[in-house]
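# Build me a structure from this.
(one chain, ligands or ions: 2)
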Amino acid sequence: LVAAERDAAAAAAAAAGGGGGAGSMASDVAKLAELKGAWPNNIAVQTFDLAYFKSLQAGEQAGLLKCLQSGIQNPDSSMGCYANQPSDYDRFKPFFSRALARYHGVGEGARHESDWSLPAGVSYDVSSLGLGALSMRTRVGRNLADFPLPASMSRAERVALEAKMSAAFDVLISMPEYGGAYHSITPGHPSCISEAEYGRLVGEHVMFKDMSADPYLVSAGIAADWPYGRGVYVSGDGGFIIWVGEEDHLRIMCMARSTRVESVFNRLKVALDVVNGIPGLRFAFSPDYGNVTSCPTNLGTGMRSSVHIALPSLTRDGTDARAKAVCRPLGLSVRGLGGEHTPIGPDGTVDISPSARFCIKERDIIAKLFEGLSRLVAAERGAADTADIAATAIEAAMRGHLGRKKVDAIQAAQLAAQSAGATAGADAAAAAAGAGGAEAVATAGA
Ligand code: ADP
Ligand code: DAR
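Ligands and ions are numbered 1, 2, ... in the order given. Okay, here's the model as predicted:
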């Protein structure tokens, strides 16, 4: 079937006419047919329909394939596509409505509705979960209606958008409750910062990392012209931040250490109303899809609300695998300390946020985050107890087998190994106990 689809696809693309475009379209369409059998989790590849493609005029065919470049060039993609124009979700509705339904688990005709109004008197205070203040962040992606989306902007358009936003930031900077400054990384921009300053802001999670290192964004065209047209506005107190020129034209966010999950959410709503009211700014919005974003995963609210939380027991093996296994059924995503596609922190700190963005109300994202955290904290505590139980069982087995003096020697060896930075696991202890210890550990471990 794949071979037949590939041939039919190549014929269809070639029939699309045009010069090199037909060749590249033919190869894209053939590649999509080839990937379909091997990459079941690539939603764009699985949603691409040859009959629909053939029904489009050549220019539309090229436009649709442009949206799928990231998924074609990176088969391991989960979504595999990005909109290139604010109108693409309607322009290619037969494709995007199906891709959205698959990713977000909603009906193909689903319509998004926003609502930021938290229930009166509700506070999502993590101190009720036995936690102290956590680093919290709520961000929304927004795009200006009068520019192409980042995947199809020219350098001139990226620089023009930055200039338009620089003027908008002057309004914020003039307001005492905001103040702050804009920091550009566009060479020659009057507010251009040094490499060192850029690195510092990235390290503080205030500025976004180098997009030209992200293969998905590069393939989509979103990282093109890096670093032109990119920068960040930071309020005087550092808690209100607006990225310019990342995956969306704007990423508008509030960040703070707090025990109340809704703290950054509420502040963001107020600030967003101010930004929405700045003259000359008109945001891409669809009556069906809500706030228009580059990636279909962010469509609707464009919101990701996250906390950084240390999960030393669930990440005891140095990976986020167990944390992800707990979080997935809770509707939570796990990212690394530096955000998407980065490792977990050395102390097991991970970035936890609800996965849902589309056909969910903003207020419900916050509720999901708090509910998910309460279950995640219980799982972390359970894992800690299990770890203790395992350690206790191993120790008891060793004592029974080896006697107290020998076990004390083993624990001393473990502590020495830990302080030396070695992996002081049971096998290190067993090594210290000699052959008999290894058997005792193995028995207990079982
Ligand atoms: P986005 O959230 O915009 O999709 P990323 O996941 O890549 O993008 O995160 C962007 C930056 O925001 C990263 O530096 C990440 O560490 C930081 N970040 C995300 N959530 C938090 C948080 N709760 N506290 C501090 N920094 C955060
Ligand atoms: N690599 C893309 C990421 C999709 C979700 N993350 C975003 N939009 N930053 C994929 O399709 O897997």
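
# doesn't residue 96 make contact with residue 88?
Yes: under the criterion of C-beta atoms under 8 Å, residue 88 is in contact with residue 96, at a separation of 7.0 Å. Any C-beta I mention is one placed from the backbone N, CA and C, and that applies to glycine too.

# what's the spacing between residue 382 and ligand 2?
The span separating residue 382 from ligand 2 equals 30 Å under the rule C-beta to the nearest ligand atom, to the nearest Å.

# Give me the secondary structure label for that residue.
Three-state assignment for residue 382 (DSSP: H, G, I helix; E, B strand; the rest coil): helix.

# same question, residue 114
Three-state secondary structure (criterion: three-state DSSP) places residue 114 in coil.

# Settle this for me: it is touching residue 301, isn't it.
Yes: the criterion here is C-beta under 8 Å, and residue 114 meets it with residue 301 at 6.4 Å.

# Which one's more surrounded, those two?
Set residue 114 next to residue 301 and count neighbours by other C-beta atoms under 10 Å: residue 301 wins out with 25 against 15.

# My guess is the more buried one contacts residue 362. True?
Yes: under the contact definition of C-beta under 8 Å, residue 301 touches residue 362, with a separation of 5.3 Å.

# Which neighbours do the two have in common?
Between them, residue 301 and residue 362 have residue 114 as joint contacts when contacts are counted by C-beta atoms under 8 Å, 6 or more residues apart in numbering.

# need the contact list for residue 280.
164, 167-168.

# on that earlier part again, tell me, what's touching residue 114 and residue 301 both at once?
When contacts are counted by C-beta under 8 Å, 6+ apart, the set common to residue 114 and residue 301 consists of 290-291, 361-362.

# Can you select the buried ones from those residues in ChimeraX?
What follows is the ChimeraX syntax for the buried subset of the shared contacts of residue 114 and residue 301, where burial is set by 16 or more other C-beta atoms under 10 Å:
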select :290,291,361,362
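
# from the shared contacts of residue 114 and residue 301, which ones fall inside strands?
The strands in this structure, assigned by DSSP state E, contain 290-291 from these.

# which of the shared contacts of residue 114 and residue 301 come close to ligand 1?
Taking C-beta under 6 Å from any ligand atom, there is no overlap between the shared contacts of residue 114 and residue 301 and the neighbourhood of ligand 1.

# Strands along the stretch 151-300 of the chain, start to end?
Assigned strands in the stretch 151-300 of the chain, in chain order: 181-184, 231-234, 240-244, 250-258, 285-286, 290-291 (criterion: DSSP state E, counting those that start in this stretch).

# Residue 153: which of those strands is closest?
Across the strands of the stretch 151-300 of the chain, residue 153 has its closest neighbour in strand 240-244 (12.0 Å, C-beta to C-beta).

# Does anything pack onto the closest one? Which helices or strands?
Helices and strands touching strand 240-244, by 3 or more C-beta pairs under 8 Å, 6 or more residues apart in numbering; DSSP states H and E, are helix 155-173, strand 231-234, strand 250-258, helix 262-276.

# packing partners for the first one?
Of the remaining helices and strands, those touching helix 155-173 by 3+ C-beta pairs under 8 Å, 6+ apart are strand 181-184, strand 231-234, strand 240-244, helix 262-276.

# Sweet, I'm off.
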